[in-house]
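Undergrad: give me the fold of what follows.
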Amino acid sequence: MGQIREGARLGAYAVAGIIGLAALYVVGVFAFGGAGWITAPFRGEADQRENTVASGEFRQTTYEEFFDLCAAAQNAEGTIEALREERENASETRKAHIDQSITALRSTRIESVNTYNSKAAQEHRTAFRDKDLPYRLDLDAERTTCTD
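TA: Residues are numbered from 1 along each chain as shown. Coordinates of the predicted model:
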């Protein structure tokens, strides 16, 4: 019987040693960054969520950015209209300057509309566009409307 007890005790020590080595290995993996490989996909999703959904600064900036881009398109349209009215009674030299300004303002409007539409199509930004703003701005419209 003494040999059986001695064998059982050695077996228990061997199992305890194996469990201890496994625990030491797991602690070593976490201590030296090996767990980063395992948790990388989860951390990436969490980081992305923290940077977009949970970041109040990102939400506020994106919300205001849509209004700013829509207002920029409207401002360009208003200035173009004012220049067209001025052009009716302007000298030939002034008409040439007005034509150049109108061309530049059309380009500015196109850029604002395209930027708005591009950002409105980005999935991580659409949640922060005001519900009263249009989904897309019409590039060919004479007047931009910033409310639906």
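Undergrad: just checking, what packs against the lengthiest helix in the chain?
TA: For the chain, the longest helix by residue count, based on DSSP state H, is helix 56-87. Helix 56-87 sits against helix 92-120, with contacts defined as 3 or more Cβ pairs under 8 Å, 6 or more residues apart in numbering; DSSP states H and E. Quick note: C-beta positions are derived from backbone N, CA and C, even for glycine.
Undergrad: and the helix it packs on, what does it pack onto?
TA: With contacts defined as 3+ Cβ pairs under 8 Å, 6+ apart, helix 92-120 has these neighbours: helix 56-87.
Undergrad: quick one: the helix it packs on to helix 92-120, angle?
TA: For helix 56-87 against helix 92-120, the angle by axes from the mean of the first three to the mean of the last three Cα atoms, to 10 degrees is 150 degrees.
Undergrad: flag every buried residue along the longest helix of the chain.
TA: Going by neighbour count (16 or more other Cβ atoms under 10 Å), the buried part of helix 56-87 is 58, 62-63, 65-66, 69-70, 72-74, 76-77, 79-80, 83.
Undergrad: chain center to that helix, what's the gap?
TA: 21 Å (Cα atoms, centre = their mean, to the nearest Å).
Undergrad: so, low pLDDT: which residues of this structure?
TA: The chain contains residues with pLDDT under 70 at 1-2, 29-55, 148.
Undergrad: and with 80 instead?
TA: 1-8, 26-59, 124, 126-128, 147-148 (pLDDT under 80).
Undergrad: mind listing what the nearest residue to Leu83 once chain neighbours are set aside touches?
TA: Spatially, and ignoring its direct neighbours in sequence, Leu83 is nearest to Ile98 (4.9 Å; Cβ to Cβ, 6 or more residues apart in numbering). Ile98 is in contact with 83-84, 86-87, 90, counting by Cβ atoms under 8 Å, 6 or more residues apart in numbering.
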